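Peer 1: Need a 3D model of the sequence below.
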Amino acid sequence: MIIDRYIARSILRGTLGALFVFAALFIFIDFVRQLEHIGTKDFGLMEAIVFVLLGLPKKLYELAPSIILLGGLISMGAMANNSELVVMRSSGITVARIIRSVLQTGFLLAVFVGLVGEFIVPHATSMSKSMRAVAMDDQVLVGGEHGLWARDGNRYFNVKTVMPDMQLQNLSIYELDTNRKLKRASHVQTASFKDDHWLLKNVTHSEISETGVKTEERAVEEWPSLIKTDLFEVLELEPQDMSAISLMQYSTYLEENELDAAAYQLAFWVKVFTPLACLVMLLIAIPLVFTATQRSGGTGQRVIIGLLLGILFFVFNRAINHLGVVYGVMPALSASIPLVFVASLTIFLIRRIR
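Peer 2: Residues are numbered from 1 along each chain as shown. Prediction:
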């Protein structure tokens with residue numbers, strides 16, 4: 001219907017406006033932070049700009065519920081100021097019908113946020129860390145979508161993924177002889193740094209000589225040294241940087257090895273509930289707009305209210321999440337408590353609309 005398209009356009013315009021404001025603020029703050037590093041080895045002005053832009057999706061994703069709330073308040077507040085909501089209700093459009101239109105738009109925004117968190121944020125964050133390490137560390141040869149390349153003497157390493165707790169996945173090792181010819185190529189499924197040594201699993205060695213290639217497979221190997229660990233400490237993905245699929249797989253790996261997986265399980269459930277939080281935060285804008293009066297303030301006051309509510313939700317969400325990890329609360333419950341609280345408050349406020 002026309003009303004659905006009109007409300008959708010209004011909310012999308014308001015959300016894009018809020019997104020632009022937050023993006024500009026984050027870009028400015030992060031760029032100022034990188035100024036002191038400009039000139040360090042190959043890290044110049046262009047590298048700083050690229051690093052800041054690649055880190056932007058993560059910050060916007062983490063604040064997506066607050067951004068959507070602010071966009072909803074701005075857009076629907078403008079409709080209220082122009083008496084458009086009054087006209088809608090006078091023409092027979094009920095509050096429930098308006099809520100349905102808002103839900104349709106909120107669902108699209110929630111899906112978009114979920115896709116960004118699953119596909120764009122992990123890739124962009126990984127690229128930003130690799131690019132910065134390439135520019136500021138002489139050991140790194142190449143970074144990017146093909147993984148990280150590094151060198152240690154006559155050994156060259158290619159790592160596809162750097163997981164938390166110093167675990168490397170899909171590691172290739174190429175060893176050269178004194179004549180700079182390839183003498184051995186190895187592929188390792190996973191490599192973990194434990195007790196001052198590297199534990200390699202599912203290793204395949206290919207010895208190359210003039211007589212041919214000899215292949216040997218081993219389930220487990222221990223290496224006293226592989227590559228400096230400080231290089232990977234700046235490249236490893238934190239739980240909140242990983243995709244939901246990677247978090248689920250890594251949590252399973254930790255549980256199978258009887259290790260603590262609470263932080264990664266929590267990050268997984270936060271990924272699951274973040275799109276739903278966006279939808280709920282958009283809905284809470286409805287009672288805030290409908291219960292306001294013309295004399296209660298204009299766009300400026302609504303922006304302030306949106307910012308305060310967004311900050312409160314962000315802090316409350318993080319606090320509950322961390323307290324859940326500290327006190328051993330089930331990750332799914334810990335991640336859902338803020339969402340359930342805001343959803344209950346939203347339903348209560350909507351039912352008070354007359």
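Peer 1: Any stretches of the stretch 251-354 of the chain with poor pLDDT?
Peer 2: For the stretch 251-354 of the chain, the stretches flagged by pLDDT under 70 are 292-299, 354.
Peer 1: so where do the strands sit in the protein?
Peer 2: Ranges of strands within the chain are 140-142, 148-152, 155-163, 167-176, 182-194, 197-209, 212-223, based on DSSP state E.
Peer 1: what's the least confident stretch among these?
Peer 2: Lowest mean pLDDT within these: strand 140-142, a mean of 51.
Peer 1: before we move on, back to that, the strands of the chain: which one's closest to Tyr250?
Peer 2: With CB to CB, the closest approach to Tyr250 among these belongs to strand 155-163: 6.1 Å. C-beta here means a position set from N, CA and C on the backbone, and glycine is covered the same way.
Peer 1: what comes up buried for the closest one?
Peer 2: Arg155, Tyr156, Phe157, Asn158, Val159, Thr161, Val162, Met163 (16 or more other CB atoms under 10 Å).
Peer 1: show me what contacts Gly17?
Peer 2: For Gly17, the contact set (CB atoms under 8 Å, 6 or more residues apart in numbering) comprises Gly71, Ile74.
Peer 1: out of the strands of the chain, which comes closest to Asn321?
Peer 2: Asn321 sits nearest to strand 155-163 of all the strands of the chain, at 20.7 Å, using CB to CB.
Peer 1: Direction included, what does the closest one pair up with?
Peer 2: Take DSSP bridges as the rule and strand 155-163 pairs in its sheet with strand 148-152 (antiparallel), strand 167-176 (antiparallel).
Peer 1: what's the offset of it from the middle of its chain?
Peer 2: Between the centre of strand 155-163 and the centre of its chain there are 22 Å (CA atoms, centre = their mean, to the nearest Å).
Peer 1: Compute the inter-axis angle for that strand and strand 182-194.
Peer 2: Angle of strand 155-163 versus strand 182-194, following axes from the mean of the first three to the mean of the last three CA atoms, to 10 degrees, is 40 degrees.
Peer 1: Distance of Ser209 relative to Val159?
Peer 2: Noted for Ser209: a distance of 27 Å to Val159, by CB to CB, to the nearest Å.
Peer 1: domain ranges for this protein?
Peer 2: Domain segmentation of the chain under automatic domain parsing yields 2-136+241-351, 140-233.
Peer 1: Quickly compare those domains and say which is most buried.
Peer 2: With neighbours taken as mean count of other CB atoms under 10 Å, those reach their highest mean count in domain 2-136+241-351, at a mean of 18.
Peer 1: Quick one: end-to-end length of it, please.
Peer 2: End-to-end distance for domain 2-136+241-351: 26 Å, by CA to CA, to the nearest Å.
Peer 1: where does the closest residue to Thr125 other than its chain neighbours land on pLDDT?
Peer 2: Leaving aside its chain neighbours, Thr125 sits nearest to Asp241 (4.5 Å; criterion: CB to CB, 6 or more residues apart in numbering). Asp241 is assigned a predicted lDDT (pLDDT) of 88.
Peer 1: does Asp241 really touch Val121, like I thought?
Peer 2: Yes. Asp241 lies in contact with Val121 (CB atoms under 8 Å); the separation is 6.8 Å.
Peer 1: shared neighbours, the two?
Peer 2: Jointly contacting Asp241 and Val121 under the rule CB under 8 Å, 6+ apart are Lys58.
Peer 1: What's the end-to-end length of stretch 222-240?
Peer 2: With CA to CA as the measure, stretch 222-240 spans 30 Å from end to end.
Peer 1: err, stretch 200-218, not the other one
Peer 2: This stretch, stretch 200-218, spans 9 Å end to end (CA to CA).
Peer 1: For Lys194, state which of the buried residues of strand 155-163 is nearest.
Peer 2: Proximity of the buried residues of strand 155-163 to Lys194 (CB to CB) peaks at Met163, which lies at 13.6 Å.
Peer 1: Tell me who's in contact with the closest one.
Peer 2: Gln169, Glu236, Leu237, Ser246, Tyr250.
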